[in-house]
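Asks: Any chance you can model this:
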Amino acid sequence: ALLRRMSRYGLLAEDELELDFVLQLSTQKLLERRLQTKVYKQGLAKSIHHARVLIRQRHISVGGQLVNVASFNVRTSSEKHIDISANSPYGQ
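Replies: Predicted coordinates for the structure are as follows:
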């Protein structure tokens, strides 16, 4: 169950599904999966701090759902669904 969840969140590749790879995870890899980082890397925000403000002020949605938690871990299947929310003034 742990290995499947790690794969779903993009922390481990399909060929790394062993306990040794879980023990070798770094904080950098965990931080790369946060919504705050993903918003910045996709170019929706000018800086990492701007990304946090946009998320906190409810301008970002993931798969149509508003998310206002910057530490939200994004699944690999949800990465392409990160966007400005429909009712945000930035989305017009």
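
Asks: Remind me what the helix of greatest length in the chain packs against, helices and strands.
Replies: Longest helix in the chain by number of residues (criterion: DSSP state H): helix 48-56. Counting contacts by 3 or more C-beta pairs under 8 Å, 6 or more residues apart in numbering; DSSP states H and E, helix 48-56 is packed against helix 35-41. For the C-beta atoms, the positions are set from N, CA and C on the backbone; glycine is no exception.

Asks: Give me the buried positions along the longest helix of the chain.
Replies: When burial is assessed from 16 or more other C-beta atoms under 10 Å, helix 48-56 yields the following buried residues: Ala51, Arg52, Leu54, Ile55.

Asks: Just the C-alpha atoms of that helix, please, in PDB.
Replies: Extracted C-alpha coordinates of helix 48-56, given in PDB (Å, rounded to 0.1, in the frame of the first residue of the first chain):
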ATOM      1  CA  ILE A  48       7.100  30.600  -5.100                       C
ATOM      2  CA  HIS A  49       5.700  33.100  -2.700                       C
ATOM      3  CA  HIS A  50       3.200  34.400  -5.200                       C
ATOM      4  CA  ALA A  51       2.100  30.900  -5.800                       C
ATOM      5  CA  ARG A  52       1.400  30.500  -2.100                       C
ATOM      6  CA  VAL A  53      -0.700  33.700  -2.000                       C
ATOM      7  CA  LEU A  54      -2.700  32.600  -5.100                       C
ATOM      8  CA  ILE A  55      -3.500  29.300  -3.500                       C
ATOM      9  CA  ARG A  56      -4.300  30.800  -0.100                       C
END
